[in-house]
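1. sequence-free structure coming up:
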């Protein structure tokens, strides 16, 4: 009976909070540069290889924006500092899963 409850609880958690289970995370600490794409997206590079695409839809970006990470390993919902303002990362796509 105990095993069935644990399995049922795990399935319920997965179904009712999929963003916790399926959100993307990436280590941006190894990024050596970035490129501002449009007004709300950043592509981070390690050398010449793109490693992640980050969307910050509620913050304005321009090519001269200063970008500062609060931590090296970021996930959707984490904060990033853009031009001195804290912005929420809404989407993180790894280079192996996203197309830029």
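-> Looks like it arrived, so ask away. Just so it is clear, the model here is predicted, and its values are computed rather than measured. Numbering: from 1, shown residues only.
2. next SSE after the lowest-mean-pLDDT helix or strand in the chain?
-> None of the helices or strands of the chain scores lower by mean pLDDT, DSSP states H and E than helix 18-22, at a mean of 45. As assigned by DSSP states H and E, the chain's next helix or strand after helix 18-22 is strand 25-27.
3. for that following strand, which outside residues touch it?
-> Strand 25-27 is contacted by residues 44, 51, 52, 72, 73, 74, 75, 76, 92, 94 when judged by C-beta atoms under 8 Å, 6 or more residues apart in numbering. C-beta here means a position set from N, CA and C on the backbone, and glycine is covered the same way.
4. quick one, phi psi at the fifth one?
-> In terms of degrees, to the nearest 10, the main-chain angles of residue 73 are phi -100, psi 110.
5. what about it, how many neighbours?
-> Neighbour count for residue 73, taken as other C-beta atoms under 10 Å: 11.
6. neighbours around the closest residue to it other than its chain neighbours, how many?
-> By the measure of C-beta to C-beta, 6 or more residues apart in numbering, the closest residue to residue 73 outside its immediate chain neighbours is residue 27, 5.1 Å from it. When neighbours are counted by other C-beta under 10 Å, residue 27 registers 15.
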